[in-house]
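>>> Generate a structure from the sequence data that follows.
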Amino acid sequence: MSQASLSNPDTPGIAHIGIVTVSDRASRGEYEDLGGPAIKDYLDEVLTSPFQPHARVISDDQPLIERTLQELCEQENCCLVVTTGGTGPSARDVTPEATEAVCDRMMPGFGELMRQVSLQKVATAILSRQTAGLLGDSLIVNLPGKPKAIAECMDAVFPAIPYCIDLMDGPRLETNPDRLVAFRPKKK
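Now for the predicted structure:
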């Protein structure tokens, strides 16, 4: 059983984490959302600190994506929002544009590292436009849509995420060191 399911969402200090699947077909129920659950499973496996997931499945509509990201960051107080889908080259893939539109500052290193890791697995990873940015005191990270790629990309960038949240005075995210070690500078 995950830490999240044992935790009271009203408990102070609990991390609220948004999980957004961006897919026209999944939002219409034409196929099962596999991306959002893959993110939730990843977080259950890696995090040892309690968290409350806030999951959404929405269409590839830029204004809707923007509103959803703002709602999760500003109303649900999510310190982290992880999206899946909408990062490719097709005309409907607008998740990076929506993320850039709502963010105060971009964090391009996340996308650079995810593409670098993905390119070691598949040549078409160069077509992916993952990115990350900061909206207030929230970090938004765009992942590709395939569940296998989600885990690969999260393994690459997640070691830096807890420290990023620390720097924004967010809740402390602790990881299972047998699965993934989060980077935090040594105290002097």
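>>> any idea where the strands of this structure begin and end?
Per DSSP state E, the chain carries strands over the ranges 15-22, 51-58, 80-84, 105-106, 132-135, 138-143.
>>> right, so of those strands, which gets closest to Gln120?
Of all these, the one in closest proximity to Gln120, counting by Cβ to Cβ, is strand 138-143 (16.4 Å). All C-beta spots, glycine's among them, are computed from the backbone N, C-alpha and C.
>>> Tell me how far that closest one lies from the chain's centre.
The chain centre lies 5 Å from the centre of strand 138-143; the measure is Cα atoms, centre = their mean, to the nearest Å.
>>> Dump that strand to CSV, restricted to CA.
C-alpha atoms of strand 138-143 as CSV (Å, rounded to 0.1, in the frame of the first residue of the first chain):
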residue,chain,number,x,y,z
SER,A,138,5.4,24.7,-8.3
LEU,A,139,7.6,22.7,-10.7
ILE,A,140,5.9,21.5,-13.9
VAL,A,141,7.6,18.6,-15.8
ASN,A,142,6.4,17.5,-19.3
LEU,A,143,7.0,13.8,-20.0
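>>> which other helices and strands contact that strand?
strand 80-84, helix 95-102, helix 108-119, strand 132-135, helix 147-157, helix 161-167 (3 or more Cβ pairs under 8 Å, 6 or more residues apart in numbering; DSSP states H and E).
>>> let's go with 7 Å and repeat that
Judged by 3 or more Cβ pairs under 7 Å, 6 or more residues apart in numbering; DSSP states H and E, strand 138-143 is in contact with strand 80-84, helix 95-102, strand 132-135, helix 147-157, helix 161-167.
>>> which residues are contacting the first one?
Contact partners of strand 80-84, identified using Cβ atoms under 7 Å, 6 or more residues apart in numbering, comprise 17-22, 35-36, 39, 69, 72-73, 95, 138-143, 145, 150, 161, 165.
>>> Understood, closing this out.
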